[in-house]
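Colleague: Below is the sequence, then the predicted model.
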Amino acid sequence: VDYVLPLTNLGLLSTFKDVFYTENNKEVIFAINLLQNEYTGGYASVYLVPTQYVTDKSLIENTVKVGSNQEYVYVTDAYQQFLYSNAGDQRASTSCSFYDDLVNDEHFRWINKYPGTWSNGTRYFDADIVIYRYAEALMFKAEIENALENTPTAISYLNDVAERAYGVADFYASTLTKPEVDEILIDEYLKEFVVEGKSWWVFNRFGVVYDRVTSLAGRENEHANMLIWPVSTNTLSGNTNIKQTEGYN
């Protein structure tokens with residue numbers, strides 16, 4: 001983090017949507033680059049509404065973003081309300097969208113990140129997959145500083161991300177306590193990095209998995225390593241220096 005943040009070729013984009021719709025931008029630290037001619041599938045295909053589910057075909061790509069695969073991943077009602085809880089948060093509509101077709105009594109919801117390219121009735125999943133970006137480095141720095149009891153400094157880094165999101169400088173007050181900042185950091189991670197694969201690790205670092213993941217509530221003592229996978233037998237037999245995860249012996 002201390003290496004990345006001072007780099008002059010990196011920084012936050014002023015518009016959140018541009019992070020995902022402008023490839024190789026200055027916010028991207030590391031990404032998997034994809035081109036239309038080399039790849040047309042991918043996990044982002046399960047974020048979009050299947051074409052056959054849309055009765056009114058005029059809605060396709062003109063409000064309802066569609067794909068050709070089954071939609072397995074979308075936000076819940078509670079997550080939708082959480083993401084849209086602040087009307088000024090520009091991240092919400094970039095992360096996910098919703099549409100009600102009142103004529104056909106159909107409700108659609110879909111995730112907007114990594115949509116690829118829609119061309120001649122076909123979607124090509126050629127959007128670059130962003131693994132690490134500058135906003136996460138700022139959030140990491142805020143997390144670290146708060147853990148070190150440097151809460152005002154943590155709030156400063158947090159506010160860099162919040163200012164882009166809400167369009168308000170010093171969105172979070174400098175008088176917040178360390179526990180308050182921790183809770184805010186968790187929520188801001190959830191709003192900033194929708195479907196970017198960050199939340200599980202955030203919950204683990206902050207020690208709130210059993211509080212934040214409904215299916216794990218009350219299961220703290222169920223297994224010695226409830227939150228960590230075991231090492232496979234093939235891996236263990238292939239390298240004797242690797243040891244089984246504690247609790248799976």
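Modeller: Perfect, I can see it now. Nothing here was measured: the structure is a model prediction, and the numbers come from that model.

Colleague: now the helices: where do they sit in the chain?
Modeller: In chain order, the chain shows helices spanning 18-21, 77-83, 91-95, 134-147, 151-166, 178-192, 199-206, 209-212, 233-238, with DSSP state H as the criterion.

Colleague: now those in a markdown table, with distance to residue 111, mean neighbour count and mean pLDDT?
Modeller: Quick note: C-beta positions are derived from backbone N, CA and C, even for glycine. What follows is those, written out as a markdown table (distance: least, CB to CB, whole Å; neighbours: other CB atoms under 10 Å; pLDDT from 0 to 100):
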| stretch | distance to residue 111 | mean neighbour count | mean pLDDT |
| --- | --- | --- | --- |
| helix 18-21 | 11 | 18 | 93 |
| helix 77-83 | 11 | 13 | 94 |
| helix 91-95 | 7 | 20 | 95 |
| helix 134-147 | 18 | 21 | 98 |
| helix 151-166 | 18 | 20 | 98 |
| helix 178-192 | 14 | 18 | 98 |
| helix 199-206 | 14 | 15 | 96 |
| helix 209-212 | 20 | 15 | 94 |
| helix 233-238 | 33 | 10 | 94 |
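
Colleague: for those, which one sits closest to residue 58?
Modeller: Nearest to residue 58, of all the helices of the chain, is helix 91-95, at 21.2 Å by CB to CB.

Colleague: now could you export just the CA positions of stretch 75-88 as PDB?
Modeller: Coordinates of the C-alpha atoms in stretch 75-88 are reproduced here as PDB (Å, rounded to 0.1, in the frame of the first residue of the first chain):
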ATOM      1  CA  VAL A  75     -28.300  -8.700  -5.300                       C
ATOM      2  CA  THR A  76     -31.000  -9.300  -2.700                       C
ATOM      3  CA  ASP A  77     -33.700  -6.800  -1.800                       C
ATOM      4  CA  ALA A  78     -31.900  -6.000   1.400                       C
ATOM      5  CA  TYR A  79     -28.600  -5.400  -0.500                       C
ATOM      6  CA  GLN A  80     -30.400  -3.300  -3.100                       C
ATOM      7  CA  GLN A  81     -31.800  -1.100  -0.300                       C
ATOM      8  CA  PHE A  82     -28.400  -0.900   1.300                       C
ATOM      9  CA  LEU A  83     -26.600   0.100  -1.900                       C
ATOM     10  CA  TYR A  84     -29.200   2.700  -2.700                       C
ATOM     11  CA  SER A  85     -29.600   4.000   0.800                       C
ATOM     12  CA  ASN A  86     -27.800   7.300  -0.100                       C
ATOM     13  CA  ALA A  87     -29.400   9.000  -3.100                       C
ATOM     14  CA  GLY A  88     -26.100  10.700  -3.900                       C
END
